[in-house]
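> any chance you could fold what I've pasted below:
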Amino acid sequence: MVSPLKVVIAGCSGRMGHALLESVFADAELILHGALDRAENPCLGRDAGEQFGKLSGVKVTSDVEAALNGADVLVDFTRPEASMQYMEACQKANVGMIIGTTGFSAEQKAAIETAAKNIPIVFAPNMSVGVTLLINLVQSAAKVLSEGYDIEIIEAHHRHKVDAPSGTALRLGEAAASALGRDLGQCAVYGREGVTGERDPSTIGFATVRGGDVVGDHTVLFAGIGERVELTHKASSRATFAIGALRAAKFLTGKNAGLYDMQDVLSLR
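Have a look, this model is predicted:
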């Protein structure tokens with residue numbers, strides 16, 4: 001019998017942390033090994049399963065080194081600054097890492113690439129299986145609709161999200177741009193106001209909506225003359241991200257150091 005994968009959840013008291021804990025408890029192939037949160041969090045010292053009416057035997061802690069001792073993988077959906085600290089600890093403990101955090105700077109992304117030379121890392125702005133498929137569909141559509149179609153990306157998230165556009169929207173933009181041989185950094189337009197002049201057909205536009213409890217909606221619009229093609233993904237529950245992230249955690253089992261994404265996890269390359 002194969003031993004369960006020993007998982008550590010970072011930011012376990014947050015919205016994604018709750019979804020990840022629930023998914024770990026529901027999966028016989030996984031076992032909660034550690035639960036991390038900030039030092040000032042009131043959940044510290046409590047059993048991580050308490051909120052689900054389940055005693056897991058794992059107490060919420062801010063001691064990263066202790067939580068990683070003997071673990072197989074850390075799953076992180078926190079903030080860029082915290083992710084960098086967790087990543088450094090994972091390298092010291094030789095523990096694989098799943099990074100679903102968004103909003104990284106170019107320098108921080110470079111640090112992730114460097115860390116992946118030492119440990120296996122799955123890094124993706126969206127762990128959803130559906131969004132991963134959407135990225136592939138966008139690439140295919142962009143190649144077919146390469147002339148005469150304007151590309152616009154519209155995304156909506158809950159009022160608490162702090163970065164914009166979302167990491168997923170940017171990844172979708174990168175997918176479209178790469179299929180067309182463009183550099184997103186040179187052709188992206190983030191919002192429009194005032195007299196902007198006619199639309200440059202080589203650009204990729206982004207529109208951001210923030211409000212309420214929207215989990216995550218993304219639409220890539222290819223607007224031509226006389227027709228529009230819209231590719232849309234709507235998430236109604238954070239469980240979809242948790243399930244994808246834990247699928248990624250299983251994928252890392254036995255993997256050598258390297259930087260992977262959900263395309264690798266789902267064998268879409």
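> average model confidence for stretch 245-260?
The average pLDDT for stretch 245-260 rounds to 97.
> mind listing what's buried in it?
For stretch 245-260, a neighbour-count test (16 or more other C-beta atoms under 10 Å) marks 245-249, 251-252, 259-260 as buried. Just so you know, the C-beta spots here come from the backbone N, C-alpha and C atoms, and that holds for glycine as well.
> show me where this protein has its helices.
For the chain, applying DSSP state H gives helices covering 15-25, 64-68, 80-93, 106-115, 129-144, 167-179, 184-187, 239-251, 262-265.
> out of these, which comes closest to Lys54?
For Lys54, the closest of these is helix 15-25, at 6.1 Å, according to C-beta to C-beta.
> sorry, back to before: and the helices of the chain as a markdown table, adding distance to Val209?
Below are these laid out as a markdown table (distance: least, C-beta to C-beta, whole Å):
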| stretch | distance to Val209 |
| --- | --- |
| helix 15-25 | 18 |
| helix 64-68 | 35 |
| helix 80-93 | 22 |
| helix 106-115 | 25 |
| helix 129-144 | 17 |
| helix 167-179 | 11 |
| helix 184-187 | 20 |
| helix 239-251 | 19 |
| helix 262-265 | 24 |
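> among the ones you listed, which is nearest Arg46?
Short answer: helix 15-25, nearest of the helices of the chain by C-beta to C-beta, at 12.1 Å.
> what about Ala39, how many neighbours?
Residues lying near Ala39 (other C-beta atoms under 10 Å) number 8.
> excluding chain neighbours, what is closest to Ile9?
Spatially, and ignoring its direct neighbours in sequence, Ile9 is nearest to Leu20 (4.9 Å; C-beta to C-beta, 6 or more residues apart in numbering).
> the one you found and Ser13 touch, don't they?
No - between Leu20 and Ser13 there is no contact, the gap being 11.1 Å when judged by C-beta atoms under 8 Å.
> the more surrounded of these two?
The neighbour comparison of Leu20 against Ser13 (other C-beta under 10 Å) goes to Leu20, with 31 against 20.
> now that one: how far from Ala249?
To Ala249, Leu20 is 10 Å away according to C-beta to C-beta, to the nearest Å.
> quick check: buried residues in stretch 59-74?
60-61, 64, 67-68, 71-74.
> next: stretch 5-25.
Buried residues in stretch 5-25, counted by 16+ other C-beta under 10 Å: 5-14, 16-25.
> pLDDT below threshold where in the protein?
Applying pLDDT under 70 to the chain picks out residues 1.
> for Asp163, which non-adjacent residue is spatially closest?
Excluding the flanking residues, the one nearest Asp163 by C-beta to C-beta, 6+ apart is Gly103, at 3.6 Å.
> just Ala10 next, same as before
Leaving aside its sequence neighbours, Ala10 sits nearest to Asp76 (C-beta to C-beta, 6+ apart; 4.3 Å).
> that neighbour contacts Tyr86, correct?
Yes - judged on C-beta under 8 Å, Asp76 makes contact with Tyr86 at a distance of 5.3 Å.
> quick one: buried residues of stretch 195-215?
Going by neighbour count (16+ other C-beta under 10 Å), the buried part of stretch 195-215 is 204-208, 214-215.
> what is the burial count for the closest residue to Asn69 other than its chain neighbours?
For Asn69, the nearest residue in space outside its immediate sequence neighbours is Ala93; the separation is 6.9 Å by C-beta to C-beta, 6+ apart. The number of residues packed around Ala93, counting by other C-beta under 10 Å, is 17.
> which ones are touching Ala93?
Applying C-beta atoms under 8 Å, 6 or more residues apart in numbering to Ala93 gives the contacts 65, 68-69, 71.
> common neighbours of Leu20 and Ala249, please.
Shared contacts of Leu20 and Ala249, defined by C-beta under 8 Å, 6+ apart, comprise Val75.
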